[in-house]
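Turn this into a model:
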Amino acid sequence: LIPWLGTRRSLLAIALLLVLLGGAASLAWERRRTWLPACMLIALACLWLLDGGLIRGSQGLLYERESSYNYIRVVQVGDERQLLLNEGLGIQSIYRPASVLTGHLYDYFLLAPYFAARPEPKPEPSLALIGLAGGTVAHQYTAVFGPVPIDAAEIDPAIVEVAREYFDLREPNVQTFVQDGRYFLARTAARYDVIAVDAYRTPYIPFHLTTREFFELARRRLDDDGVLAVNVGYAGDDRTLVEAIADTVHTVFPTVYVIDSAEDYNSLVLASVQPTDLDTVRARLEGLDEPLLAAVAARALPGLSRWERRAAVLTDDRAPVEQIVHGIVLRYALGVAQGTGEEALP
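Model (predicted):
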């Protein structure tokens with residue numbers, strides 16, 4: 001019901017149905033006292049017709065909407081516009097008209113081309129973006145690398161509309177596909193220099209975008225020297241989900257790196273089609289002379305490490321992602337209760 005009626009009217013519709021059933025039962029059994037369900041029916045009909053007002057008011061709110069997939073909010077915080085989805089535990093996109101960089105993990109996606117074995121001195125990477133949101137990464141790639149071809153898959157058409165209306169996503173080099181990201185990769189014949197996966201919704205993530213089979217598909221859609229970059233969240237010091245995904249990626253790609261963000265509760269998992277080594281990648285990042293890229297590299301380098309394990313493997317047959325997330329949340333809550341954790345989830 002929710003995609004057609006919205007949350008408020010769906011609940012009212014269920015309540016109306018219960019009143020009708022209760023009234024029918026009362027009438028059938030007693031043939032009297034029908035005034036009570038009749039009054040309740042009238043009250044519910046009035047509530048149905050009334051404007052429900054804001055779903056969830058918040059400071060700086062510019063827009064809110066329930067779509068078939070998400071509860072969407074756009075808020076203005078100073079000079080920064082943010083896209084929040086569902087519970088609003090994480091920021092899905094940031095837009096600053098006067099700045100390319102956001103100061104968050106989104107910026108690290110700009111470094112992905114330099115994790116290839118033989119990157120061009122001035123790369124012009126083709127990009128597949130799984131999870132468009134407000135288009136932060138698409139904006140950044142266009143600003144830094146020029147009008148490179150960008151194919152962006154976003155399952156929620158309402159988010160695509162919000163990206164265009166509130167986040168100024170109008171770059172002609174960005175082509176949007178209103179599709180599930182895995183379906184998009186399975187159907188396209190294109191190959192890319194970089195595939196960026198940022199389709200996760202805090203704290204849960206679609207399990208079919210975390211499995212070995214998905215990463216095998218992504219590898220087939222990468223060029224011979226391509227790079228995969230995956231944004232994964234964590235809580236406090238608990239990186240169980242990051243570890244599971246990095247392990248799984250490592251069963252498909254020869255070399256895997258992890259950048260732990262100092263600004264967010266997120267890590268960026270990067271994997272190259274060709275074997276690479278940490279010292280070469282680190283030296284390459286340290287030698288970047290483009291000001292924006294150099295600034296991002298300076299922030300990322302302290303958190304950069306090579307991933308060696310291949311212990312856990314998530315598959316289409318068994319990918320207990322929700323159980324992993326539940327465990328993270330439970331341990332986090334216990335840590336807060338015992339005074340050893342942060343005050344709130346990211």
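
roughly how far apart are Ala312 and Val137?
Taking Cβ to Cβ, to the nearest Å as the measure, Ala312 and Val137 are separated by 27 Å. Every C-beta, even on glycine, is put in place using the N, C-alpha and C of the backbone.

What of Leu314?
Leu314 is 24 Å from Val137, by Cβ to Cβ.

do the same with Asp277
Counting by Cβ to Cβ, the gap from Asp277 to Val137 is 26 Å.

Of those two, give the one with the bigger neighbour count.
Under the criterion of other Cβ atoms under 10 Å, the comparison of Asp277 against Val137 puts Val137 first, with 28 against 11.

Test my guess that that one contacts Leu129.
Yes: counting by Cβ atoms under 8 Å, Val137 does reach Leu129; the two are 5.9 Å apart.

So for those two, which residues contact both of them?
Ala196, Asp198 (Cβ atoms under 8 Å, 6 or more residues apart in numbering).

List the buried residues of stretch 133-146.
Ala133, Gly134, Gly135, Thr136, Val137, Ala138, His139, Gln140, Tyr141, Thr142, Val144, Phe145 (16 or more other Cβ atoms under 10 Å).

Go through those residues and name the one nearest Ala199.
Of all these, Ala133 has the smallest distance to Ala199: 8.5 Å, by Cβ to Cβ.

where does the closest one land in three-state SS?
Three-state call for Ala133 (DSSP: H, G, I helix; E, B strand; the rest coil): coil.

my read: it touches Val160, true?
No: using Cβ under 8 Å, Ala133 is not in contact with Val160; the gap is 9.6 Å.

shared neighbours of those two, anything?
Common neighbours of Ala133 and Val160 (Cβ under 8 Å, 6+ apart) are Glu154.

Tell me who's in contact with the residue lying closest to Pro97 once chain neighbours are set aside.
Once flanking residues are discounted, Pro97 sits nearest to Asp168: 7.2 Å by Cβ to Cβ, 6 or more residues apart in numbering. Neighbouring residues of Asp168 by Cβ under 8 Å, 6+ apart: Tyr95, Pro97, His139.

so which strand or helix has the last one?
For His139, the host element (DSSP states H and E) is helix 136-145.

Each with direction, which strands does the helix or strand following that helix pair with?
Using DSSP H and E, the helix or strand that follows helix 136-145 towards the C-terminus is strand 150-153. Neighbouring strands of strand 150-153 in its sheet, by DSSP bridges, are strand 127-130 (parallel), strand 174-177 (parallel).

which parts of the very next helix or strand once past strand 150-153 are buried?
The helix or strand immediately downstream of strand 150-153 is helix 157-166, counting by DSSP H and E. Neighbour counts using 16+ other Cβ under 10 Å place Ala158, Ile159, Val160, Val162, Ala163, Tyr166 of helix 157-166 among the buried residues.

of all those residues, which comes closest to Leu301?
Once Cβ to Cβ is applied, the member of the buried residues of helix 157-166 that ends up nearest Leu301 is Ala163, at 30.7 Å.

Please give me every residue in contact with the closest one.
By Cβ under 8 Å, 6+ apart, the neighbours of Ala163 are Ser93, Leu132, Ala133, Gly134, Gly135, Glu154, Leu169.

Check the burial of the residue nearest to Pro119 when sequence neighbours are not counted by counting its neighbours.
Counting by Cβ to Cβ, 6+ apart, Pro113 is the residue found nearest to Pro119 once chain neighbours are left out, at 5.4 Å. Using other Cβ under 10 Å, Pro113 has 24 neighbouring residues.

Would you mind measuring from Leu292 to Ser68?
On the measure of Cβ to Cβ, Leu292 and Ser68 end up 37 Å apart.

brain fart, Asp237
In terms of Cβ to Cβ, Asp237 sits 36 Å off from Ser68.

re the thing from before, save the contacts of Asp168 as CSV, and put in distance to Ala186 and pLDDT too.
Converted to CSV, the contacts of Asp168 look like this (distance: Cβ to Cβ, whole Å; pLDDT from 0 to 100):
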residue, distance to Ala186, pLDDT
Tyr95, 30, 93
Pro97, 36, 91
His139, 27, 97
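
quick one, what contacts the closest residue to Gly135 other than its chain neighbours?
Using Cβ to Cβ, 6+ apart and skipping the chain neighbours, the partner closest in space to Gly135 is Leu169 (3.7 Å). Leu169 is in contact with Leu132, Gly134, Gly135, Ala138, His139, Ala163, counting by Cβ under 8 Å, 6+ apart.

Going along the chain, name the helices of the stretch 1-150 of the chain.
2-5, 7-30, 35-49, 136-145 (DSSP state H, counting those that start in this stretch).

make that the stretch 151-300 of the chain, sorry
Under DSSP H, counting those that start in this stretch, the stretch 151-300 of the chain gives helices at 157-166, 181-187, 212-220, 240-250, 278-286, 291-300.

Just the angle for the third one relative to helix 240-250, thanks.
Same thing as helix 212-220. Counting by axes from the mean of the first three to the mean of the last three Cα atoms, to 10 degrees, helix 212-220 lies at 50 degrees to helix 240-250.

can the helices of the stretch 151-300 of the chain go into a markdown table with extra columns for mean pLDDT and distance to Tyr200?
Output for these, formatted as a markdown table (pLDDT from 0 to 100; distance: least, Cβ to Cβ, whole Å):
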| stretch | mean pLDDT | distance to Tyr200 |
| --- | --- | --- |
| helix 157-166 | 96 | 14 |
| helix 181-187 | 97 | 11 |
| helix 212-220 | 97 | 13 |
| helix 240-250 | 93 | 9 |
| helix 278-286 | 97 | 24 |
| helix 291-300 | 97 | 19 |
